[in-house]
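Student: Pasted the sequence and its predicted model underneath.
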Amino acid sequence: MAYSRQKIFNVIMFFIMSILSVVFLAPLFIVLMNSFKGNLFIADAPFVFPSKETFVSFNNYLNGLSKTGFIKSFGWSLFITVFSVLVIIIGTSMTAWYITRIKNKLTKFLYYLFAFSMIVPFQMVMFPMSKMANILNLDNPVGIIVIYLGFGAGLSVFTFSGFIKSIPADIEESALLDGCKPLQTFFMVVFPILKPTAISVAILNAMWIWNDYLLPYLVIGSKYRTIPIAIQYLKGGYGSIDMGAMMAMLVLAIVPIVIFYLVCQKYIIKGVIEGAVKF
Amino acid sequence: MQKSLAKHFPLFVAPTLIAFLISFLIPFVMGVYLSFTEFTTVVDAKWVGIDNYVKAFTANTDFINALWFTVKFAVVSVVSINFFAFITAVILTRGIRGTNFFRTVFFMPNLIGGIVLGYIWQIIINGYLYKYQVTLTYDAKYGFWGLVILMNWQLIGYMMVIYIAGIQNIPNDLIDAAKVDGAGPLQIIRHIIIPSVMPAITICLFLTLTNSFRLFDQNLALTNGAPARKTAMLALDIYNTFYGRNNWEGVGQAKAVIFFVLVATIAYLQLKLTRSKEVEG
């Protein structure tokens, strides 16, 4: 009796969850649908399928691509994300290893400083930081990697340190005693052990940098547009939006993320959980 | 270990530390200093004492409005996101059919950036309001609830995944024993699941609270503060003060310092409060 009641409950839950899934997917579907409709038919009736009169094939896509230079933006986003993440992973894992294994006042202070930076809102530093980037000639797609290393350092050093604390130092010590150089020891012995954490840190940073709008807008936005900047640029200064082009560009912005998510879902969810647990 | 590694500070720490100094620490210290000055380019700063802080509150009501809007938004979205995330997590740990598919779908919006999310919801909400002959920026309440819906859509799946991880750590025997003793589902949730997932609750409250307070991209794309700056949250108001008005950089920086102190205090208090519950539980 109790068993069958639970079974009925599960069936009901299955239906509720199915409906909820449709609700969750609907916004993406609506954007996709409207990306094939003419400009004038989007704002009035976004929930209607394209019809013979409203269907414009790939015109919105072609229009949007030429207006925003989306392909270039995709390239910049990819370049900045990939190299920033690589630099962050290598740089902060080395730093985390050093400040965890070498115990003194300075390393303790640095650890708390990195942790502290995680809580500071971006608006607190955005103005002096963008001026600084400008003065130091970091306002280009290569220089911004340095900025991202500095901003990503907090969460990344904190996460790596948490993991390094939990692994014994014996193996590293015997490698160093055998005459292995510290750099060799790090990359041959320590880094392979850190790999699962490195993947999580990479995922968290990639999600942040790929979607980041304000930082790149302030630092390199006038010359180099990443995808979020290109989308915002489409809005223009006069309040009028080319809705068709906007829908098409939203689709192009979402598709790579969805593909990446479906391929790496296991790592992404694991990374997000691990990143969260560190707090 | 100590000796051979210690002297390699320049190699292991310096690169990250220099980047950290350039992009975070020096701007942070400068930011605190500049909030007491009048400046337009950071090198022409003139000391004005607490003038900027006074102006932030008295020159117009933008900052107070943004503060109030942000607090209301944070309360509503933290409660709703965590409520729905927890419920779905409980349902999706009962082994119903399609669990993996549901989890995949609910989590997906979290990966989409704030600007893109803002425009997705702008079209949907405007489309819905069209039949009432108004738009999203007609009344501040539309912008408010629009942002709440958007943030729920974005963060429910994220928090759900963290709650699921917490629930899966509860030993099955514990729940089975309670069932044998005749505990109903609500009693199991209240006396076993909630106390056991206190750490997850701490994390989720922390993440939703700090995310809500620091929200910028979604706010910019969805309403950009319209109508008449009534839907501008703190981060957007600070941005507008910096870049929207000449010679107001100092006031913007003072607002940013207040914003920082507020976020840090809330995060600290919240962590302390729920961590103490964890020990008791």
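Tutor: The structure has been received and is ready for your questions. Numbering: from 1, shown residues only, chains lettered A, B, ... in the order given.
Student: Am I right that B:Gln154 is in contact with B:Asn110?
Tutor: Yes. The criterion here is C-beta atoms under 8 Å, and B:Gln154 meets it with B:Asn110 at 5.8 Å. For the C-beta atoms, the positions are set from N, CA and C on the backbone; glycine is no exception.
Student: Quick test: name the residue nearest the centre of chain A.
Tutor: Closest residue to the average C-alpha location of chain A: A:Met207 at 1.3 Å, with C-alpha atoms, centre = their mean.
Student: for the helix or strand containing B:Gly143, packing partners?
Tutor: In the assignment (DSSP states H and E), B:Gly143 maps to helix B:140-168. In this structure, helix B:140-168 packs against helix A:2-34, helix A:243-277, helix B:62-91, helix B:99-107, helix B:114-129, helix B:198-214, helix B:217-222, with contacts taken as 3 or more C-beta pairs under 8 Å, 6 or more residues apart in numbering or on different chains; DSSP states H and E.
Student: now that helix: how far from the chain's centre is it?
Tutor: Computed by C-alpha atoms, centre = their mean, to the nearest Å, the separation of helix B:140-168 from the middle of its chain amounts to 11 Å.
Student: Could you give the average pLDDT over that helix?
Tutor: Helix B:140-168 comes out with an average pLDDT of 96.
Student: if we can go back for a sec, any chance of a markdown table for the helices and strands packed on helix B:140-168, columns distance to A:Ile227 and mean neighbour count?
Tutor: Shown next, in a markdown table, are these (distance: least, C-beta to C-beta, whole Å; neighbours: other C-beta atoms under 10 Å in any protein chain shown):
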| stretch | distance to A:Ile227 | mean neighbour count |
| --- | --- | --- |
| helix A:2-34 | 15 | 14 |
| helix A:243-277 | 5 | 19 |
| helix B:62-91 | 26 | 20 |
| helix B:99-107 | 21 | 18 |
| helix B:114-129 | 8 | 22 |
| helix B:198-214 | 21 | 21 |
| helix B:217-222 | 12 | 24 |
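Student: So which of those is nearest A:Thr68?
Tutor: Shortest distance between A:Thr68 and the helices and strands packed on helix B:140-168, using C-beta to C-beta, is found for helix A:243-277: 6.0 Å.
Student: Next, the angle helix B:198-214 makes with that closest one.
Tutor: Put simply, helix A:243-277 runs at 140 degrees to helix B:198-214, going by axes from the mean of the first three to the mean of the last three C-alpha atoms, to 10 degrees.
Student: and the angle from helix A:243-277 to helix B:114-129?
Tutor: Using the same axes, to 10 degrees: helix A:243-277 against helix B:114-129 is 120 degrees.
Student: What degree of burial does B:Thr37 show, as a neighbour count?
Tutor: By other C-beta atoms under 10 Å in any protein chain shown, 19 other residues sit near B:Thr37.
Student: per the record, what domains does chain B have?
Tutor: Following automatic domain parsing, chain B resolves into domains at B:1-26, B:60-280.
Student: Make CSV from those and add distance to A:Gly69 to it.
Tutor: As requested, the domains of chain B are exported to CSV (distance: least, C-beta to C-beta, whole Å):
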stretch, distance to A:Gly69
domain B:1-26, 27
domain B:60-280, 16
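Student: Show the backbone phi and psi for A:Phe55.
Tutor: Phi and psi for A:Phe55, reported as degrees, to the nearest 10, are phi -70, psi 130.
Student: got CSV for the helices and strands packed on helix B:140-168, with distance to A:Ile199 and mean pLDDT too?
Tutor: As requested, the helices and strands packed on helix B:140-168 are arranged in CSV below (distance: least, C-beta to C-beta, whole Å; pLDDT from 0 to 100):
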stretch, distance to A:Ile199, mean pLDDT
helix A:2-34, 26, 90
helix A:243-277, 6, 90
helix B:62-91, 24, 97
helix B:99-107, 17, 95
helix B:114-129, 24, 94
helix B:198-214, 20, 92
helix B:217-222, 26, 96
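Student: Next, format those helices as JSON lines and append distance to A:Cys180.
Tutor: Formatted as JSON lines, these follow (distance: least, C-beta to C-beta, whole Å):
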{"stretch": "helix A:2-34", "distance to A:Cys180": "51"}
{"stretch": "helix A:243-277", "distance to A:Cys180": "29"}
{"stretch": "helix B:62-91", "distance to A:Cys180": "46"}
{"stretch": "helix B:99-107", "distance to A:Cys180": "42"}
{"stretch": "helix B:114-129", "distance to A:Cys180": "45"}
{"stretch": "helix B:198-214", "distance to A:Cys180": "38"}
{"stretch": "helix B:217-222", "distance to A:Cys180": "46"}
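Student: And B:Leu147, how far from A:Leu215?
Tutor: Relative to A:Leu215, B:Leu147 is positioned 22 Å away (C-beta to C-beta, to the nearest Å).
Student: After the helix holding B:Gly143, which helix or strand is next?
Tutor: Per DSSP H and E, the first helix or strand lying C-terminal to helix B:140-168 is helix B:172-180.
Student: Would you state the helices of the stretch 101-250 of chain A in chain order?
Tutor: A:105-117, A:122-135, A:143-165, A:170-177, A:182-185, A:191-211, A:214-219, A:227-235, A:243-277 (DSSP state H, counting those that start in this stretch).
Student: before we move on, back to that, also compute the angle for the helix holding B:Gly143 relative to helix B:114-129, please.
Tutor: Going by the same axes, to 10 degrees, helix B:140-168 is angled at 120 degrees with respect to helix B:114-129.
Student: tell me the angle helix B:140-168 makes with helix A:2-34.
Tutor: 140 degrees.
Student: Which part of the stretch 151-279 of chain A gets nearest to chain B, residue-wise?
Tutor: A:Asn211 (2.9 Å; C-beta to the nearest C-beta).
Student: Tell me who's in contact with the nearest residue to that residue once chain neighbours are set aside.
Tutor: Computed as C-beta to C-beta, 6 or more residues apart in numbering or on different chains, the closest residue to A:Asn211 that is not its neighbour in sequence is B:Gly113, at 2.9 Å. By C-beta atoms under 8 Å, 6 or more residues apart in numbering or on different chains, B:Gly113 lies in contact with A:210-213, A:227-228, A:253, B:217.
Student: swap in A:Thr107?
Tutor: Counted by C-beta under 8 Å, 6+ apart, A:Thr107 has contacts A:98-100.
Student: Among those, which ones are in helices?
Tutor: Assigned to helices by DSSP state H, the following of the contacts of A:Thr107 qualify: A:98-100.
Student: out of those, which one sits closest to chain B?
Tutor: The shortest gap between chain B and any of these belongs to A:Tyr98, at 3.9 Å (C-beta to the nearest C-beta).
Student: Can you tell me, leaving aside adjacent residues, what's nearest to that closest one?
Tutor: Counting by C-beta to C-beta, 6+ apart, A:Tyr98 lies nearest to B:Phe12, which is 3.9 Å off, once chain neighbours are set aside.
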